Each structure stands twice: as structure tokens, then as C-alpha cells.
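# Quick one, what's the 3D model for this:
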Amino acid sequence: MLSRNQVKYIHSLKQKKFREIHQQFLAEGSKLILEMLDSSYKLSAIYASAEWLTQNDSILISRKIPYTEISVPEMGRITALSSPSPVLAIVEFPEIPIFVQDIFNDLALVLDDIKDPGNLGTIIRIADWFGIRFIFCSMNTVDLYNPKVIQATMGSFTRVKVIYDNLPSFLSSFEGKTRIYGAFPEGENIYSGPLETKGIIVIGNESEGISPEVAELVTDRISIPSYPPASGHDHAESLNASVATAIICSEFRRRTG
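The predicted structure follows:
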């Protein structure tokens, strides 16, 4: 049974301020929690239905994870989802080691002020699919541990390292060492321009695109052409940020293997 203090604490973790104070976040859903149990993340508490605990209590006991059986109405009081799942976990912030050489040897994503939680979560999932292990975000990008972001990743955040940094300073450290590709409407057609097997791909804000400070550090401006390419035809003004990311990552992997 949930206490009033437990409910209050869980609700506080839905806000970035309290997540940062307590260095903890929420994760919900059976598939997601089971993936996390197979990852390096530390789960500090589990709240779950009797049925879910019957199926999984042995792994919780073996890993010494405290758990509490709760009813469906109780889950409804604490969930961040529109439909309560059978399990919710409180998870510790991880330490993320960064080895710069790993970035030089492959592709990495840079996100310049992505605001929508669904977009960030989907981009993390896309990175996981295409074997991209690092995503660097501007300080104003939506928080990784926002419950909507975590849910949208479908567990991919356990395999992709997401780091927040001052992007101009971060990208300056790579100047002259690796290609920095940026998505721009006026960039070179991604299907005909040269692409390398390693480098950094910058995706801009949903409405404003890549900021001027970051744009100055881009070495290669790329674009996804609309069809039909002839002028005078109406088409969508732009692509969703996560859709554009998927297309760009797919073309890099297709062409470079």
C-alpha cells in the first residue's frame, strides 16, 4: 500500500528540479523495466501489481531491489501515463563515462535545442537502431529523464549515452579533427553529396533549426530533398526533427556501411 509521502515523492520526480535534487527519475512499463533490469541502471524501488510481482519477484529479490505491491487505483495515483502500466520504478541517475576516441571512430548525434519530449525519445530510439552510441544535447534541449522522453525511447536510453553540454564549446574541440554535418534546408542533397563513415550530425530545433553559434562550426551543410524537386510544387514546409534524423542516419549507414 502506498503512503502519502511515497505518492508525494513520486510526483515530485515528474519535475526536472526535483529529479536533479534527488538524482533519480521514473520509468514505467513492463517491457521497459525488464530491459532496465538487464542494464547497468540501478533501480532503487519498484511499485507493481500483484500479477507482475508474481512473475518477476525472483529477479527483484536476487538483485535486492525493494518492491511494493499496489492496486490499479493506486497506480493511477502515481502514473505519468494516460493508461497506468503494471509497474513503475524509481531509478538512479547513472554516471556516463565518455571516451573521446569512441566519438572520433564513429557517428555521433548533436541536438541543438530539441524541445519536444516525443522527438527526443524517438531520436534516441533511432540512434539505437542505427548503432549510434553518443548523443550530445544543448543545455536547453528537453531533459532526458522527462517521463515522456523515457517512455518514447522504449528502452533505447539504456544503450545510448546522452550528454548535455555547451554545444559551441563542445564542437569547437572537434574543429579540424572530424566532419561536422548540419541539416539545413539549403544544404547539399544528402543523396548525392559525399558522406564519411564517421563524424558528427547536428539536428536543429523543431521550428528554428540550427542556432547561428552552432552553424558557424558546421563543416558540411546537408539537406533532404523534397519531391518532386522542381520548383512551383507545393509540399510540406519541413520534416519533423525525428523523421529527418532517421532519414539522415539511414543514408549515412547505407552509403558507408
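
# So what's the residue count around Ser44?
Using other CB atoms under 10 Å, Ser44 has 12 other residues around it. Every C-beta, even on glycine, is put in place using the N, C-alpha and C of the backbone.

# Does the closest residue to it other than its chain neighbours lie in a helix or a strand, and which?
Spatial nearest neighbour of Ser44, excluding adjacent residues (CB to CB, 6 or more residues apart in numbering): Ile90 at 5.1 Å. Element membership of Ile90 [criterion: DSSP states H and E] is strand 87-92.

# Give me the pLDDT value at Lys193.
No Lys there; residue 193 is Gly. For Gly193, the model assigns a pLDDT of 88.

# List phi and psi for the residue lying closest to it once chain neighbours are set aside.
Leaving aside its sequence neighbours, Gly193 sits nearest to Ile222 (CB to CB, 6+ apart; 6.2 Å). With angles defined as degrees, to the nearest 10, Ile222 sits at phi -120, psi 160.

# His11 is in contact with the residue nearest to Ser44, correct?
No: in this structure, Ile90 is not within contact of His11 by CB atoms under 8 Å, at 11.9 Å.

# so where's the stretch 51-200 of the chain uncertain?
Across the stretch 51-200 of the chain, the ranges flagged by pLDDT under 70 are 98-100.

# All the strands of it, residue numbers only.
Shown for the stretch 51-200 of the chain, the strands assigned by DSSP state E, counting those that start in this stretch span residues 67-69, 87-92, 107-111, 134-137, 161-164, 180-189, 199-203.

# will you turn those into TSV that also has distance to Gly76 and mean neighbour count?
Shown next, in TSV, are those (distance: least, CB to CB, whole Å; neighbours: other CB atoms under 10 Å):
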stretch	distance to Gly76	mean neighbour count
strand 67-69	15	16
strand 87-92	11	21
strand 107-111	33	25
strand 134-137	32	23
strand 161-164	30	17
strand 180-189	41	17
strand 199-203	36	24
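
# of all the ones you listed, which lies closest to Gln151?
strand 87-92 (11.4 Å; CB to CB).

# Relative to the closest one, what are the paired strands and their orientations?
According to DSSP bridges, strand 87-92 forms sheet pairs with strand 24-28 (antiparallel), strand 43-48 (antiparallel).

# For Ile247, find the nearest of those strands.
The closest of the strands paired with strand 87-92 to Ile247 is strand 24-28. By CB to CB, the value is 29.0 Å.

# Mind giving me the packing neighbours of the helix or strand just after the closest one?
For strand 24-28, the succeeding helix or strand toward the C-terminus, using DSSP H and E, is helix 30-37. Where contact means 3 or more CB pairs under 8 Å, 6 or more residues apart in numbering; DSSP states H and E, helix 30-37 is packed against strand 43-48, helix 50-62, strand 87-92.

# Output those in a markdown table, with distance to Gly209 appended to each entry.
What follows is the helices and strands packed on helix 30-37, written out as a markdown table (distance: least, CB to CB, whole Å):
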| stretch | distance to Gly209 |
| --- | --- |
| strand 43-48 | 38 |
| helix 50-62 | 44 |
| strand 87-92 | 33 |
